[in-house]
Each structure stands twice: as structure tokens, then as C-alpha cells.
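A.B. asks: build me a model:
(one chain, ligands or ions: 1)
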Amino acid sequence: MLSLQDVSVTFNEGTSLEKRALSHVSVDVNDGDFITILGSNGAGKSTFFNVIAGKLPVSDGKIILGGKDITHEKEHVRARNIGRLFQDPSMGTASRLSVEENLALAYSRSNRGLFSMAVNKNERAFFAEKLKTLNMGLEDRMKTPIGLLSGGQRQAVALMMAVLNPPEVLLLDEHTAALDPNSAKKILEITNELIREEHITALMITHNMKDALENGNRLLVFHDGQIRKDFHSEEKAKLKPADLLAYYEV
Ligand SMILES: Nc1ncnc2c1ncn2[C@@H]1O[C@H](COP(=O)(O)OP(=O)(O)OP(=O)(O)O)[C@@H](O)[C@H]1O
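C.D. replies: Presented below is the predicted three-dimensional model:
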């Protein structure tokens, strides 16, 4: 359903600073895949997400989502079908707005393509119901400015915002890396539950090999702007961290 066909990205083309961040990347992401992504610094992982989300243009190649060529579609248009979470939970949320206003913004944007932080009674009940499923007591803190929540609580709300209207594809860009171990574990559990319940296709960049091995049905290893290895279910299930190290080497 999401397909990248021979995608390349070159920064500063034709100058002494020229850098090919992605080189002829082709991959078919199937509906319902949960793909974890590993790779050393500078391997091209974020660039891969940036071209899928439309934050960066491709230099070459095509991106197809649900049979439609979205290669030249603008980022805000793609955002209706492609959700994204970042390492820093503040990236996807507005600090001064309350939890419910943030949820209302996300809900209205994905529903109508318009921003509105007004919250009606039905929406408030709907958001409270959703927050309850997180088991973090956030349904009692809906009027709290989101900037006052802990990183883990905030990332949980950001995750909920991303899936209120389930996107076709969810991009998780090291979304647990800035959290303490317990919060990171909790957010990963919630991530798995939401992905399963809402049948979301997801891709998750991580530097944590254990997380990459223990989550998802498929694992991509990036190296030097290319997908060096694509491990599918059974092969992935048998992998050990030591097996992966070889793919980080040149
Ligand atoms: N805007 C830019 N201008 C020039 N070079 C860039 C730009 N963005 C990324 N690069 C370069 O492209 C390469 C790939 O970067 P990218 O951020 O995709 O790697 P990454 O795998 O996400 O790394 P990390 O794990 O450190 O986040 C790197 O060499 C990086 O320096």
C-alpha cells in the first residue's frame, strides 16, 4: 500500500557539499506491517521518513500510497493519511493548550482539514474515553496545559492525537528515545496496542536493537542511504542483536 520506487535524495547537488542521503531506495510496505528501522547515524533513516511525509522532495523516484502517486503532494495534504511522532513530544503538541484542546486540534485537522481547538460535550466524552484506555489517569487532566505533563504522559497524548482518526501510515521517529526506561516501555506497549486495535501500518526508527527485535513483523537496516537488509517475519523472529551488528559495518 505504501511503495517507494527507486527513491534518491541528494542534498546540495552539484556543490562541494553534495551528499546523497538516499540512494535508489525501493520498498513495498504492506497493509498492517509494523516495520522497525535500524541504522547508524547518518544512514538515511530520517530522510526516508521526511520524503514519505513530504517534508523533503525526492531528487528521483516515486512514492505511491494506496495506489495514488503522492510524490509531489504537499506535506499538509499527506498529513491526513500519514501520522508522525518525534523523539521530542513537544514537536507534535502545543504546550500552552490543554490536553483536550490539543486533542481537539488533532481531531478537527484530520476530520475536516481545518484547525479548531473548540471542544464540544460529545468530543470531550470521546476524548476522555480514549484517554482512559491509556491507564495513565489522563482523563482527569484534560484541562491541564499539556506542557505541564511529564514527557511520557505528553508522548502518550501525542500518540493518541496521531491515531484519533487512524492514519494509513504512522511514522514513529525514535518516539521513545527521550523517555526514562519505564515511560519508554509504557509508550511502546501503548504503541503496540493502538497499532493492533486500529489496524495501523507503522514504521518505527529506533537505535535500540532490543526494541527493534521485540516489536513489529519486519525490520529494515539502513546503511549509507540504502536499505541494506529487509528481514521478514520468520527471519526477524530468529534474529539476535549480534546478527545485526554485521549489517552496520561497511
Ligand atoms: N538538510 C540537509 N542538508 C545536507 N545534508 C543533510 C541534510 N539532512 C540530512 N543530511 C545528511 O544526509 C545523511 C542522512 O541523514 P539522516 O538524518 O537521514 O540520517 P539518520 O539515519 O536519520 O541519522 P541519525 O540516526 O543520526 O538521526 C547524513 O549524512 C546527513 O548529514
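A.B. asks: C-alpha from now on. contacts and neighbour counts both.
C.D. replies: Noted.
A.B. asks: what stretches of this protein score poorly on pLDDT?
C.D. replies: Low-confidence segments of the chain, defined by pLDDT under 70: 110-117, 249-250.
A.B. asks: enumerate the residues of it near the ligand.
C.D. replies: Contact residues, the chain versus the ligand (C-alpha under 6 Å from any ligand atom): 11, 19, 21, 40-47.
A.B. asks: hang on, Ile82 packs against Pro167?
C.D. replies: Yes - Ile82 is within contact range of Pro167, at 5.4 Å (criterion: C-alpha atoms under 8 Å).
A.B. asks: selection in ChimeraX covering whichever of the residues of the chain next to the ligand are buried, please.
C.D. replies: Per 16 or more other C-alpha atoms under 10 Å, the buried members of the residues of the chain next to the ligand correspond to this ChimeraX selection:
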select :21,43,44,45,47
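A.B. asks: now do the strands in this structure.
C.D. replies: Assigned by DSSP state E, the strands in the chain fall at 2-11, 19-29, 34-39, 60-65, 68-69, 82-85, 169-173, 201-205, 218-223, 226-231.
A.B. asks: for Asn135, which of the ones you listed is the nearest?
C.D. replies: Ranking the strands of the chain by their distance to Asn135 (criterion: C-alpha to C-alpha) puts strand 82-85 first, at 20.2 Å.
A.B. asks: can you list contacts of the closest one?
C.D. replies: Contact with strand 82-85 is made by 53, 91-92, 158-159, 162-163, 167-173, 175, as judged by C-alpha atoms under 8 Å, 6 or more residues apart in numbering.
A.B. asks: so which of these wins on neighbours?
C.D. replies: In terms of neighbours by other C-alpha atoms under 10 Å, the contacts of strand 82-85 top out with Val169 at 28 neighbours.
A.B. asks: between the contacts of strand 82-85, which sits nearest the ligand?
C.D. replies: Asp173 (8.8 Å; C-alpha to the nearest ligand atom).
A.B. asks: now for the contacts of strand 82-85: which two are most distant?
C.D. replies: Distance extremes for these: the farthest pair is Met91 and Glu168 at 20.6 Å, using C-alpha to C-alpha.
A.B. asks: for Ser95, give me phi and psi.
C.D. replies: Note on Ser95: backbone dihedrals following degrees, to the nearest 10 are phi -50, psi -40.
A.B. asks: what's the separation between the closest residue to Leu159 other than its chain neighbours and Ser46?
C.D. replies: In space, and not counting its chain neighbours, Leu159 is closest to Leu85: 7.0 Å by C-alpha to C-alpha, 6 or more residues apart in numbering. Distance from Leu85 to Ser46, counting by C-alpha to C-alpha, to the nearest Å: 12 Å.
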